[in-house]
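> Output the structure for:
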Amino acid sequence: MIQIVQAPNPYDATRLKTIFMAGSIEMGKAVLWQEELIAQIKNVFGDQDLFILNPRRDDWNSSWVQEKENAPFHEQVSWELEGLENADCIVYFLQAGTISPITLLELGLYARSNKIMVLCEKGFHRKGNVDIVCERYGIPQYETLSEVVLALEKLLA
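Got it, this is the predicted structure:
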């Protein structure tokens with residue numbers, strides 16, 4: 001069964017194949033791409049056992065001070081770092097019209113991990129940088145979420 005785990009909820013990634021959804025959120029500026037990706041994964045993977053880690057937090061409060069001393073913020077960042085470390089695959093989605101600095105940071109952290117795939121839309125403000133990093137480290141890039149799901153199907157088979 002596919003289990004969706006949103007930040008900051010606990011999970012045991014040692015039991016199931018795990019996909020982490022890293023990408024543009026920008027306090028609601030980005031499209032709800034996670035929902036579309038989850039729907040497509042459910043359609044393709046059916047009843048297979050998977051964890052999908054979604055950092056988009058329903059109770060996020062944009063007034064939280066983004067400093068390590070702020071407990072809810074610290075919890076969020078720690079959950080994301082743990083999820084990235086434990087994931088079998090990290091899907092990066094960089095949406096045109098967003099700047100997504102944390103996603104770029106995370107892409108840099110995992111560029112050499114051999115467990116990432118990237119969808120970087122034309123018009124993303126640092127697409128050239130992303131393209132060069134992907135080329136240098138052999139990171140596959142995709143044009144659509146449907147292509148990402150097909151690649152996931154092969155990767156997690």
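> Please name the residues that touch residue 99.
Residues near residue 99 by CB atoms under 8 Å, 6 or more residues apart in numbering: 26, 125, 126. C-beta here means a position set from N, CA and C on the backbone, and glycine is covered the same way.
> Only the buried subset of those residues, as a PyMOL command please.
Of the contacts of residue 99, the buried ones go into a single PyMOL selection, burial set by 16 or more other CB atoms under 10 Å:
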select buried, resi 126
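> can you put the contacts of residue 99 in CSV and add secondary structure and distance to residue 78?
Conversion of the contacts of residue 99 to CSV gives the following (DSSP: H, G, I helix; E, B strand; the rest coil; distance: CB to CB, whole Å):
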residue, secondary structure, distance to residue 78
26, helix, 21
125, coil, 28
126, coil, 26
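> Determine the three-state secondary structure at the residue at the greatest distance from the centre of the chain.
If you look at how far each residue of the chain sits from its centre, by CA atoms, centre = their mean, the farthest one is residue 69, at 24.8 Å. At residue 69, secondary structure determined by DSSP: H, G, I helix; E, B strand; the rest coil is coil.
> Look up how far residue 79 lies from it.
Here the distance between residue 69 and residue 79 works out to 17 Å (CB to CB, to the nearest Å).
> Likewise for residue 85?
Remark: distance between residue 85 and residue 79 (CB to CB) = 11 Å.
> between the two, which one's more packed in?
Comparing residue 85 with residue 79 by other CB atoms under 10 Å, the one with more neighbours is residue 79, at 20 against 13.
> The more buried one and residue 7 touch, don't they?
Yes: the pair residue 79 / residue 7 is scored as a contact, 4.6 Å apart, by CB atoms under 8 Å.
> list residues touching both of the two?
Between them, residue 79 and residue 7 share these contacting residues under CB under 8 Å, 6+ apart: residue 55.
> Could you pull out the strands in the protein for me?
Taking DSSP state E to define them, one finds strands in the chain at 2-6, 17-23, 50-54, 89-94, 116-120.
> residues touching the spatially closest residue to residue 109 that is not a sequence neighbour, list them.
For residue 109, the nearest residue in space outside its immediate sequence neighbours is residue 84; the separation is 7.1 Å by CB to CB, 6 or more residues apart in numbering. Contacts of residue 84 were listed using CB under 8 Å, 6+ apart, and they are 20, 22, 90, 106, 109, 110.
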